[in-house]
Each structure stands twice: as C-alpha cells, then as structure tokens.
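Student: Sequence and predicted structure are below.
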Amino acid sequence: MTDLSTTYLGLQLKNPLVASASPLSEKVEVARQLEEAGIGAIVMYSLFEEQIIHESLELDYYLERGTYAYAEALTYFPDVGRYGLVPDKYLDKIRELKRNLSVPIIASLNGVSPGGWIKYAQKIEDAGADALELNIYYLATDSDLTGTKLEDRYIDLVRSVRSSVRIPLAVKLSPFFTALPNMAKRLVEAGADGLVLFNRFYQPDFDLEALEVVPNLTLSRPEELRLPLRWIAILYGRVEADLALTTGVHSGRDVAKAILAGASVAMTASALLLNGAGHATSILSELQQWMAEHEYTSVAQMRGAMSQQSVAEPAAFERANYAKVLSSFDVNAISMRER
C-alpha cells in the first residue's frame, strides 16, 4: 500500500494535501468535513493587519511614516469583511478547531508591518496553532522604493516574527521578485521554516458602466500550476526549508506533480470551494492510483524526482528551452481547424 505520509514545517501529516487559507476554515463543521475527507492539514483563513490595527489602534501601520499615502491604503486592500472576525475571535477559532480536529492547524497572518504581527503571532502561538503562515501583501507603487529596500522589509518582518514565537513559520511568497532564489535563501536565513509558492494577489477589475474599480475574486485554474511548479523544481535542494505548492492544485495528478517537483505538500482551496470538502477524497484517491501505476511506494520516494537537479535536462526549466517550446507550436494545425 502506498505511504502518503509527509513532513511539513516539522509536522507529521498523513498525506501531502493541505487546505489553504479560505472561508472553508471559518466553520468547525466544514473544517471537520475536510478532515473526514482526508485533508492532511488546514491553513486557517487569514487574520488581516487591518483587523489588528482596527482592534488595537496601533500607530505603526507601516514600517515607515508616510506610506499610508500610497496604494497600500486600506481602500486598496481586498475586502476583509467576508473574513470579518475580529482578532480575539480569530484566537478563539484556533482553540475551537484544535479542540474538535486532530489534523494540524496552521494560522495565517496577512499584512506588511511588524508591530501588530509580533503581538498576534505570540497570541496565535498561545492559542495552540501548530504553525504560522505569513502572507505578506505589499504592493510597491512608490517609484522611490527600490527592490532592495522592499526585500529588506520582508526580511526584517520575518526576522521579527521568528524571534517572537517558537512554532514553525512559513512565508507565502509573491512570484514577482527579480531574483527569487536569493530572496528565498534570505527568508530562510531570517528564520522561515517553509516557503509557500505562490500568493495569488487581489487584482481589481473595472466596471465599465459605473466607471468604478471593483473587487473581483477569481478562483485558480489548473493551468496556473505551472508557475509554482517551475520554481519549486528550481528551489528544491537549494534552500534549507520545506516547500509548499499552492495555486492550480485541482486533482491528484496536480499533487503528484507538486511532489515530484520537490514540494512537501500541495495546497488547494479553489478546487474545494468549487466541488465541496469531499473533493479532497477524490484528489487523494487519484494520487494513490497514479503512484501505484508508476510503482511509487511513498511520497518520500517521489519527492524531488523531477526537480531541476534530478532531471536529465535541467535547462528545461530555464531560458535555453524557450526557443524549443516556440518552435514546437504548429501554426498549420491552427489553420486547418479554422477551415
């Protein structure tokens, strides 16, 4: 029988399928359905910095004075109302989930400045969370803010939180860093035990009739798996941290790809929101079937088997393969279908 067990952030999981941050963890009965369907761990919905600031009236909303004038202002953030539990109730929810579930519970903090984060990271640890995921949401719109300064803010935040808690710490990364491997290395050196690739940032839309900027949540699609898949395959073996793949995980084969690339876990939310908590059972069944067909006896055996350092053609992950991909596109086939 295939062994689906894995280790993530020092936590022993029964399988590598993790429910990522979403409204599914707001109700204990839904979280219990996820556990019964086979989910290996649950990342709670995020506690947003805006909620922390509103509750505690802290004055250090950003690392530097004056940044409130830019697009990081509250009106530019996603509508946190749907996640709308105040901070103390978030802590109560951690305790409730821990009392009623046996799978690891990973809390999630979403923000950009260290003040409130440190305080609530400690409270989250005290409430019993098994680990903490930092979901750092920073939109750099200030033309005077350099990439180096922005990266330093991330590092300072992670280092500050790491020094304040003992539980495992993961950082949910953006794909938009110029030198992602170096940034990943610095985050690990600052104290991150794991890296989650990638954050799907809120993208505003335009209402052409009302001429307003409107929020428009779109769920992930399976083809979005390719971006995190590539970077996990590149980072595997190069950073001393667990890697989690998120975005585009909709099937057991997607989970298999994540593990082959080098991920310790594959995280999903959109597939569960679309198909219900029970869909986790189907994902895990498909994963087991694929492993049996390809004679893998454990997740540990297959991890990293298709990472950049393991494949026969490492250049397949880099620019060297670009021309090959373009030349493989058959324009004539398109023309024939149009006739």
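Tutor: It's in. Residues are numbered from 1 along each chain as shown.
Student: The closest residue to residue 3 other than its chain neighbours: neighbour count?
Tutor: Using Cβ to Cβ, 6 or more residues apart in numbering and skipping the chain neighbours, the partner closest in space to residue 3 is residue 298 (3.9 Å). (Glycine included, C-beta is placed from N, CA and C.) With neighbours defined by other Cβ atoms under 10 Å, the count for residue 298 comes to 14.
Student: Same question for residue 22.
Tutor: 22.
Student: so residue 135, which of the three states?
Tutor: Here residue 135 is strand, with the state taken from DSSP: H, G, I helix; E, B strand; the rest coil.
Student: I'd say it and residue 22 touch.
Tutor: No - look at residue 135 against residue 22 with Cβ atoms under 8 Å: they stay out of range, at 12.0 Å.
Student: quick one: terminal-to-terminal distance for stretch 22-42?
Tutor: 10 Å (Cα to Cα, to the nearest Å).
Student: thinking residue 165 is in contact with residue 131, fair?
Tutor: No - with contact defined as Cβ under 8 Å, residue 165 does not count as touching residue 131 (9.7 Å).
Student: Pick out whichever of these two has more residues nearby.
Tutor: Counted by other Cβ under 10 Å, residue 165 and residue 131 do not tie: residue 131 has more neighbours, with 24 against 19.
Student: The residue nearest the centre of the chain sits in which helix or strand?
Tutor: Nearest to the mean C-alpha position of the chain, by Cα atoms, centre = their mean, lies residue 196 at 4.3 Å. Residue 196 belongs to strand 194-197 when assigned by DSSP states H and E.
Student: Remind me what that strand packs against, helices and strands.
Tutor: strand 169-173, helix 180-190, helix 226-235, strand 242-246 (3 or more Cβ pairs under 8 Å, 6 or more residues apart in numbering; DSSP states H and E).
Student: Residue 309: which of the ones you listed is closest?
Tutor: helix 226-235 (8.7 Å; Cβ to Cβ).
Student: who's in contact with the closest one?
Tutor: 175, 180-181, 184, 195, 197-198, 243, 245-248, 257-258, 261-263, 306-308, 311, 317 (Cβ atoms under 8 Å, 6 or more residues apart in numbering).
Student: and if you look at stretch 158-172?
Tutor: 9-11, 106, 108, 114, 117-118, 121-122, 124-125, 129-136, 154, 187, 190-196, 198-199, 242, 244, 246.
Student: next one: that stretch to chain centre, how far?
Tutor: 16 Å (Cα atoms, centre = their mean, to the nearest Å).
Student: Output the longest helix belonging to this structure.
Tutor: Looking across the chain with DSSP state H, the single longest helix is helix 147-164.
Student: what mean pLDDT does it have?
Tutor: The predicted model gives helix 147-164 an average pLDDT of 92.
Student: tell me the angle it makes with helix 180-190.
Tutor: 30 degrees (axes from the mean of the first three to the mean of the last three Cα atoms, to 10 degrees).
Student: Please write out the alpha-carbon positions of helix 147-164 in PDB.
Tutor: Taking Å, rounded to 0.1, in the frame of the first residue of the first chain, the C-alpha atoms of helix 147-164 are listed here in PDB:
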ATOM      1  CA  GLY A 147      13.700  46.500  -4.800                       C
ATOM      2  CA  THR A 148      16.400  46.100  -2.200                       C
ATOM      3  CA  LYS A 149      14.500  48.200   0.400                       C
ATOM      4  CA  LEU A 150      11.300  46.300  -0.200                       C
ATOM      5  CA  GLU A 151      13.100  42.900   0.200                       C
ATOM      6  CA  ASP A 152      14.700  44.200   3.400                       C
ATOM      7  CA  ARG A 153      11.300  45.000   4.700                       C
ATOM      8  CA  TYR A 154      10.200  41.400   4.100                       C
ATOM      9  CA  ILE A 155      13.400  40.100   5.800                       C
ATOM     10  CA  ASP A 156      13.000  42.400   8.800                       C
ATOM     11  CA  LEU A 157       9.400  41.300   9.300                       C
ATOM     12  CA  VAL A 158      10.200  37.600   9.100                       C
ATOM     13  CA  ARG A 159      13.100  38.000  11.500                       C
ATOM     14  CA  SER A 160      11.000  40.000  13.900                       C
ATOM     15  CA  VAL A 161       8.200  37.400  14.000                       C
ATOM     16  CA  ARG A 162      10.700  34.500  14.100                       C
ATOM     17  CA  SER A 163      12.300  36.000  17.200                       C
ATOM     18  CA  SER A 164       8.900  36.300  19.000                       C
END
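Student: buried ones in that helix?
Tutor: 151, 153, 154, 155, 157, 158, 159, 160, 161, 162, 164 (16 or more other Cβ atoms under 10 Å).
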